[in-house]
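predicted structure and sequence below. I'll ask about it afterward.
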Amino acid sequence: MGGNHLLASLPANDRDSLAPHLDTVLLSYGRVLFEPGDRVTHAWFPTGAVLGLMVTTSDGRAAEAGTIGREGALGVVGADAERPAFTRGVVQLAGPALRIELDRLEAVRRSSAPVADLLNRYADALLAQVLQSVACNALHPLEARCARLLLTTLDRHSDAQSPDDTASPPMRLTQEQLATMLGAHRVSVAEALSALEAEGVVRRTRGRILIADRPGLTRRSCECYAVVQAHYDAVLAPGAGGTA
């Protein structure tokens, strides 16, 4: 199903149940999918786009609590009931996604144990990412957080990169976008990127960031990247069941 790992992991008959209700949409950078308090009406399964869950404050500031790409979905977490959004759902990197009306998805969830189990396990994995981000933002220096977010965004955006490869495809990600995602000042993020660039692990060119040395960037990241990735692998691995 178009490169979304969550959908691809379903049994064929369950994918067939969802397929007629999935629309391919091209999401542009900065598009807001829902605001806090909005009724969530659709779920999105990215196949190239990267989506963010942004926590906003009354003075207009925002910080990212979760990053969602090919590994998951936006809008699927929660009970089968009408519920308001708590965060802002926004497109961080433009690209395609599969969209489904939430009522349709919930109907399939109720009739399919594999779909219900998979979405429950994904909810556990996403919660782990959000909780780890809370600790990361409070305890780790900006340069390490920046490295973590670059690695996570690349994972969510592209299948073209092995964790052991050196160079990555460039991401259309600006310093300003990165600062918003980190909830940090642009000047501070520019300094962190300059330090990483001086070490040869990233390169910046005209609104794009290239990870030039992924193993090196992984070493510069805080532990949060590996911790969250290991939990995703354990909870969403083929044959995994239940929640951690």
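On my side now, so go ahead. Numbering: from 1, shown residues only.

model confidence for Pro46, exactly?
pLDDT for Pro46: 96.

neighbours of Thr57, how many?
Residues within reach of Thr57, counting by other Cβ atoms under 10 Å, total 9. Backbone N, C-alpha and C define where each C-beta goes, glycine included.

repeat for the one 5 residues further on
If you count neighbours by other Cβ under 10 Å, Ala62 ends up with 16.

for the helix or strand encompassing Leu18, buried residues please.
Assessed by DSSP states H and E, Leu18 sits inside helix 12-18. Within helix 12-18, the residues that qualify as buried are Asp14, Arg15, Ser17, Leu18, counting by 16 or more other Cβ atoms under 10 Å.

quick one: mean pLDDT for the particular helix or strand that has Val134 in it?
Using DSSP H and E, Val134 maps to helix 113-139. Taken as a whole, helix 113-139 has an average pLDDT of 92.

next SSE downstream of it?
Counting by DSSP H and E, what follows helix 113-139 is helix 142-157.

what is the orientation angle of the helix or strand that that following helix is followed by with helix 113-139?
Toward the C-terminal end, the helix or strand that comes next after helix 142-157 (DSSP H and E) is helix 175-182. Counting by axes from the mean of the first three to the mean of the last three Cα atoms, to 10 degrees, helix 175-182 lies at 100 degrees to helix 113-139.

let me see the residues that make contact with helix 175-182.
29, 52, 54, 62-64, 67, 92, 142, 145-146, 149-150, 153, 185-186, 188-190, 193, 204, 209 (Cβ atoms under 8 Å, 6 or more residues apart in numbering).

likewise stretch 50-58?
With contacts defined as Cβ under 8 Å, 6+ apart, stretch 50-58 is touched by 27, 33, 36, 44, 62-69, 74, 87-93, 95, 97, 130, 153, 156-157, 180-181.

could you give the bridge partners of the residue most central in space within the chain?
Most central in the chain under Cα atoms, centre = their mean is Ile68, positioned 1.9 Å from the mean C-alpha point. According to DSSP bridges, the partner residues bridging Ile68 are Leu51.

so what's it up against?
Here Ile68 is in contact with Pro46, Val50, Leu51, Gly52, Leu53, Leu74, Leu126, Arg156 (Cβ under 8 Å, 6+ apart).

farthest-separated two in the residues you listed?
Spatial extent of the contacts of Ile68 (Cβ to Cβ) is set by the pair Val50 and Leu126 at 14.1 Å.

looking at those two, which is more packed in?
Taking other Cβ under 10 Å, Val50 and Leu126 do not tie; Val50 has more neighbours (27 against 24).

what pLDDT is listed against the residue lying closest to the more buried one once chain neighbours are set aside?
Spatial nearest neighbour of Val50, excluding adjacent residues (Cβ to Cβ, 6 or more residues apart in numbering): Leu93 at 3.8 Å. If you check Leu93, the pLDDT there is 90.

list phi and psi for Leu93.
Main-chain dihedrals, Leu93, degrees, to the nearest 10: phi -130, psi 130.
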